[in-house]
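**Student:** curious how this folds, go ahead:
(one chain, ligands or ions: 1)
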Amino acid sequence: MMDNLWLERKRQGEEEQMRKETRKWGTPEDESGLSESEIRDLMCEIGHRLWVKDMAAANDGNISCRLDEQRILTTPTMISKGFMDPEDLVVVDMDGRQVSGKRKVTSEVRMHLLVYRERNDVRAAVHAHPRHALAFAATHTAPPPGVLNEVEYVLGEIALVPYALAGTQEFADALAPFIGLHQAFLIAHHGALTLGEGLIEAFWRMETLENYCAMLLAADPLGGVKRISDERLREILENKKKMGLFDGRCL
Ligand SMILES: [Zn+2]
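**Tutor:** Model (predicted):
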């Protein structure tokens, strides 16, 4: 009982501290022109947000961001994403060779490198294991498109990637056909991946994905969600096109 109370207070204190420290990183615009040291701080902050929001238990998840054409900053293996320091992060080149950092790079770095090779528009990727998204990934259920306006704008259609052993070439091969068409992916029996022009956008997409999956499960006992008509969905897609927003369905 005491332990629980202590943990709860610790968590509340940490959340409060986080709110104070990180108000400066509220929007993707806050991310433009950051130095490498600030990007490192922001990546640790994004890791903390994942942990606080229950999207990365134990040492789950990994995060990456382009530093330049040749270098990717990413998270190390075997660390809670909620408690990383900037010096824990590692840098790899585009072939996955670790070029700096004392810790060992995440075993899932190939997934991130594949993203950067295939998508010039993407500067950051977040991989996590949020509970409701996992429920869809574990049951091979693709969340339906055309249900929520915001989800259409922020995520577009969510990919369902078949299972392959994490960290292997086979896994990268399973993901490859989907990379060019989506911003959010559910990976069967594993987790979720979201992409963005920056860390904040990639994280926002993870939040939206998890929130959407939770909503779908909440709607089930109410008879399940209704779909926006195809015609109205086309209207949204046309709007996205006009706004210059990426959507694989418009390519
Ligand atoms: Zn994973």
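**Student:** residue contacts, residue 197?
**Tutor:** Listed by Cβ atoms under 8 Å, 6 or more residues apart in numbering, the contact set of residue 197 reads 28, 121, 122, 123, 124. All C-beta atoms are positioned from the backbone trio N, CA, C, and that covers glycine.
**Student:** give me the distance between it and residue 159.
**Tutor:** Distance, residue 197 to residue 159, by Cβ to Cβ, to the nearest Å: 19 Å.
**Student:** ok so, going back, among the contacts of residue 197, which ones are buried?
**Tutor:** Among the contacts of residue 197, those classed as buried by 16 or more other Cβ atoms under 10 Å are 28, 122, 123, 124.
**Student:** go through the residues you listed and name the one nearest residue 102.
**Tutor:** Nearest to residue 102, judged by Cβ to Cβ, of the buried ones among the contacts of residue 197 is residue 124 at 22.7 Å.
**Student:** which residues of the chain score low on pLDDT?
**Tutor:** Low-confidence segments of the chain (pLDDT under 70): 1-3, 18-23.
**Student:** tell me which element the residue most central in space within it is part of?
**Tutor:** Centroid check for the chain by Cα atoms, centre = their mean gives residue 126 as the closest residue, at 3.0 Å. In this assignment (DSSP states H and E), residue 126 forms part of strand 124-128.
**Student:** ok, residues contacting whichever helix or strand comes after that strand?
**Tutor:** Downstream of strand 124-128, the first helix or strand assigned by DSSP H and E is helix 131-138. Under the criterion Cβ under 8 Å, 6+ apart, residues 54, 141-143, 160, 186-192, 209-210, 213-214, 216-217 lie in contact with helix 131-138.
**Student:** quick one, which of the residues you listed are buried?
**Tutor:** Buried members of the contacts of helix 131-138, counted by 16+ other Cβ under 10 Å: 143, 160, 186, 187, 188, 190, 191, 192, 209, 210, 213, 216.
**Student:** quick one: the helices in the stretch 101-250 of the chain?
**Tutor:** Counting by DSSP state H, counting those that start in this stretch, the stretch 101-250 of the chain has helices at residues 109-118, 131-138, 149-154, 169-179, 199-219, 230-243.
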